[in-house]
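> give me the fold of what follows.
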Amino acid sequence: WLRYMQNGNGSWGNDFSRTAYTAWALAESGTRDACIDNAISYMKSCDFPSIDAYELALYANALTAQDPGSTAAKECLNRIENTAAQDKDTACWHSEIPTIFHSFGRTADIETTALAAYALIKGNGNPQIINKALTWLIRQKDPMGGWQSTQATILTIRALAAGLSTPAPQEQDLNIAIMA
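Residues are numbered from 1 along each chain as shown. The predicted structure is shown next:
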């Protein structure tokens, strides 16, 4: 059905974000065909310098899911690293546009940061920026145990889980305190 809905120019709905999200989903599912190649070609033809951090993060995820070692993926990941708003402990990315799930403001920033962190993890980005981004995400958790919206929560948990997937050292000392 998704293949049928794709436009001849490679986009879905002539919309950059929707195209990037759909291409990412298909590539992560293991699909490897012209459908994704056409979507990547469409995105490459767009005005890359003017895209928002949210769009950039979606684009990076589509590229890294298709081929994390590609020149385009590496360039996109470098741009993500260079555009992070960083302080001593955290890094985040701010979106000036609503997400495809209609989030804006802080919720869009959470989605954007989760997407950027996930792309950096999958594309072997800078570990310090990844850790700072994951720290920022953890600090955004709301009193109800989520991250402002269902989509922001899903993307954050996905990024946090991906961040845990790096192999631990063979042997290490751990101190565990159980609080009653």
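> got any ranges where this protein has weak pLDDT?
Within the chain, the segments meeting pLDDT under 70 span 48-49, 166-180.
> by contact count, what packs against the longest helix along the chain?
Longest helix of the chain, by residue count under DSSP state H: helix 106-122. If you count contacts as 3 or more CB pairs under 8 Å, 6 or more residues apart in numbering; DSSP states H and E, helix 106-122 packs onto helix 53-66, helix 71-82, strand 91-92, helix 127-139, helix 150-163. Glycine gets a C-beta too; all of them are placed from N, C-alpha and C.
> next, the angle helix 53-66 makes with the last one.
Going back to what we said before, that points to helix 150-163. On the basis of axes from the mean of the first three to the mean of the last three CA atoms, to 10 degrees, helix 150-163 is oriented at 50 degrees to helix 53-66.
> going forward, begin numbering at 493 instead of 1
Okay, residue one is now 493; in that scheme the one you just asked about reads as helix 642-655.
> so what does helix 642-655 touch, helix or strand wise?
Partner elements for helix 642-655 (3+ CB pairs under 8 Å, 6+ apart): helix 598-614, helix 619-631.
> out of those helices, deepest packed?
helix 598-614 (a mean of 27; mean count of other CB atoms under 10 Å).
> give the full set of residues in contact with residue 538.
The contact partners of residue 538, by CB atoms under 8 Å, 6 or more residues apart in numbering, come to residue 508.
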